[in-house]
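In: sequence? don't have it. structure:
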């Protein structure tokens, strides 16, 4: 593998550390984003999921691609399927960032994208990360600033995963063919409730944070009140259903299998991001 690696969502939570890690390994990287600016020293390229005319310039000179749907988009199947098909037509290896648990039902849109990739004939790896630890200083930061995490998770637990471990897993799968044709469910080292998480965050930043279980409509109202589009807010609310049902509590050894290192705990995440959480 001597070509460049295309990273979609290169300015995001996973994309930015992934670009940096690939460059550190000596890989040539194209960093795709809406703006198309260079990132971390990587070549920048403009990319728009809804504009297929941007696909050709993005894939030019590329033999591997990390494909994900960047934050803010809700129509995973509609937007990702043409990207997968364009990569497969060029025989570009795709490492696809899917979603934890979608293999439970082939009707789930993300699973349908996986199936398109599996049937495409191009080399692939599927990564299915669980809920990101980093959501606490991104999506849920406004609530934490007010001492409260209000999400529709009920009493469900999640094996939160640090995005640095997702990026490290991606590096492993992009730089070898040993894992081709496989799917990996990526988790942190333990399953925690949001009450557990609030306690860890409280202890780390030195001020009280509580968890309040809200219903979906209340949650959608909070998000739209903060400026998020309603369709995206409802998508976020919908993906808490598996949390309430206990389906996100599984713990796997996939991160260690792929990277040779155990995944970071939520305590480690919180300690490393204490300034982001507190300020």
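Out: Nice, I can see it. The structure displayed is predicted, hence computed values, not measured ones.

In: longest helix in this protein, by residue count?
Out: When the chain is scanned for its longest helix (criterion: DSSP state H), the result is helix 76-89.

In: got the buried residues for that helix?
Out: Residues of helix 76-89 classed as buried: 76, 79-81, 83-84, 86-88 (neighbour count, 16 or more other CB atoms under 10 Å). Heads up, the C-betas are built off the backbone N, CA and C, glycines and all.

In: list of residues touching that helix?
Out: Residues from elsewhere that reach helix 76-89 (CB atoms under 8 Å, 6 or more residues apart in numbering): 8, 49-50, 52, 55-56, 59, 65, 67, 69, 73, 94, 96, 109-110, 112-113, 116-117, 120-122.

In: quick check: what element follows that helix along the chain?
Out: strand 93-97 (DSSP states H and E).

In: that following strand pairs with which strands, parallel or anti?
Out: Paired strands of strand 93-97, with direction, are strand 62-67 (parallel), strand 124-129 (parallel) (DSSP bridges).

In: hey, which of the ones you listed is tucked in deepest?
Out: Here the criterion is mean neighbour count by mean count of other CB atoms under 10 Å, and of the strands paired with strand 93-97 the winner is strand 124-129, at a mean of 25.

In: ok, then the element right after it?
Out: helix 141-145.

In: what helices and strands are in contact with that following helix?
Out: Contacts defined by 3 or more CB pairs under 8 Å, 6 or more residues apart in numbering; DSSP states H and E place helix 141-145 against helix 274-278.

In: which parts of the helix or strand bottoming out on mean pLDDT in the chain are buried?
Out: Within the chain, no helix or strand scores below helix 230-238, which has a mean of 89 by mean pLDDT, DSSP states H and E. Using 16+ other CB under 10 Å as the test for burial, helix 230-238 gives 232-237.

In: residue 104 is in contact with residue 250, isn't it?
Out: No - with contact defined as CB atoms under 8 Å, residue 104 does not reach residue 250; the gap is 11.2 Å.

In: of these two, which one has the most company?
Out: More crowded of residue 104 and residue 250, by other CB atoms under 10 Å: residue 250, with 15 against 11.

In: distance of that one from residue 103?
Out: Remark: distance between residue 250 and residue 103 (CB to CB, to the nearest Å) = 12 Å.

In: same question for residue 169.
Out: Separation of residue 169 from residue 103 (CB to CB) stands at 17 Å.

In: returning to what we had before: ok and the least confident helix or strand of the chain relative to helix 76-89, angle-wise?
Out: Helix 230-238 runs at 90 degrees relative to helix 76-89, counting by axes from the mean of the first three to the mean of the last three CA atoms, to 10 degrees.

In: show me the contact partners of helix 230-238.
Out: 72-74, 139, 152, 216, 219-220, 223-224, 228.

In: no further questions, thank you.
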